[in-house]
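Visitor: curious how this folds, go ahead:
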Amino acid sequence: MTYCLGLLLEDGLVMIADTRTNAGVDNISTFRKMHIWERPGDRVMVLLTAGNLAITQSVVALLSEAVDAGDGRESLVTAPSMFRCAELVGEAVRAVWNRDGPAMEQHAGGFNASFLLGGQIAGRRCRLFEVYQAGNFIEATADTPYLQIGEHKYGKPILDRAARFETPLIDGLKLGLVSMDSTLRSNLSVGLPIDIALYRRDALQLALRKRVGEDDAYFSGLRQRWSDALRQAYQAIPNPDWS
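Guide: Below you'll find the predicted structure:
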């Protein structure tokens, strides 16, 4: 399992992904689920992946091959809009399904994959999409400025309560880290290290790209401060007078 989230804010994008994959309690590995295509001054693309690792790796490989081919085919670095880039991700998902889907069904293997694509192309809007396993997709909006894939239920409450389109970018990063911490504490199938990408609107290059592990002092402090704040908050609530 995994947990990935993206926040579309007035100031830009926050993208966070864990790295744990598991095929049972005795088969746990670390794989990167954040993939970045960046051409400073022209475009930035961040793709987060969740689901069956063989499927998501195949989708990323198809997208990367188109980028690296240099043969004039349309790709994430030549497409004219973020909408078209989301379509390209969906087309890659369907291509993998057409190749592997029937065989997976014969062996009782579910075709399970989802993706978050965020970024901006010069002269275009900063956008964030969630692409489903059928290849169709939805877009984050100012009313719903975040999207999640994978094991999202533990990290959703803090985003529901606090994430707003107007949230400053650094506060959005803190919210995303708290959301990730809530999931790390409650689900063993999500684990460190986590990958972070921070993008400021119209910059056309990443402001931050970082991997956070167990030894990261800031993230350890954030986890402890959030736990302390929750304890203090519920203790400060008046006792019920139902008696």
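
Visitor: what about the protein, any weak spots by pLDDT?
Guide: Scanning the chain for pLDDT under 70 picks out the ranges 23-27.

Visitor: how about the helices in it?
Guide: Assigned by DSSP state H, the chain shows helices spanning 53-69, 82-106, 156-162, 169-186, 217-236.

Visitor: okay, those in a markdown table with distance to residue 8 next?
Guide: Where C-beta positions appear, they are placed from N, C-alpha and C, glycine not excepted. Converted to a markdown table, these look like this (distance: least, C-beta to C-beta, whole Å):
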| stretch | distance to residue 8 |
| --- | --- |
| helix 53-69 | 21 |
| helix 82-106 | 11 |
| helix 156-162 | 12 |
| helix 169-186 | 9 |
| helix 217-236 | 22 |
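
Visitor: quick one, which of those gets closest to residue 208.
Guide: Nearest to residue 208 among the helices of the chain is helix 169-186 (8.0 Å), distances taken as C-beta to C-beta.

Visitor: what residues does the closest one touch?
Guide: Helix 169-186 is contacted from outside by 3, 5, 7, 9, 11-12, 14, 16, 18, 151-152, 154-159, 162-163, 167, 190-192, 194, 196, 198, 200, 207, 219, 222-223, 226, using C-beta atoms under 8 Å, 6 or more residues apart in numbering.

Visitor: mind giving me the PyMOL command for buried ones among these?
Guide: Applied in PyMOL, the following selects the buried portion of the contacts of helix 169-186 according to 16 or more other C-beta atoms under 10 Å:
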select buried, resi 3+5+7+9+11+12+14+16+18+151+152+154+155+156+158+159+163+167+190+191+192+194+196+198+200+207+219+222+223+226
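
Visitor: return the subset of the contacts of helix 169-186 lying in strands.
Guide: Using DSSP state E, 3, 5, 7, 9, 12, 14, 16, 18, 194, 196, 198, 200, 207 are the members of these that sit in strands.

Visitor: just those residues now: which is nearest residue 133?
Guide: Of these, the one sitting nearest to residue 133 (C-beta to C-beta) turns out to be residue 3, at 17.1 Å.

Visitor: that closest one touches residue 190, doesn't it?
Guide: Yes. In this structure, residue 3 is within contact of residue 190 by C-beta atoms under 8 Å, at 4.6 Å.

Visitor: okay, and the common contacts of those two?
Guide: Joint contacts of residue 3 and residue 190 (C-beta under 8 Å, 6+ apart) are 18, 150, 151, 180, 183.

Visitor: out of the helices of the chain, deepest packed?
Guide: helix 169-186 (a mean of 20; mean count of other C-beta atoms under 10 Å).
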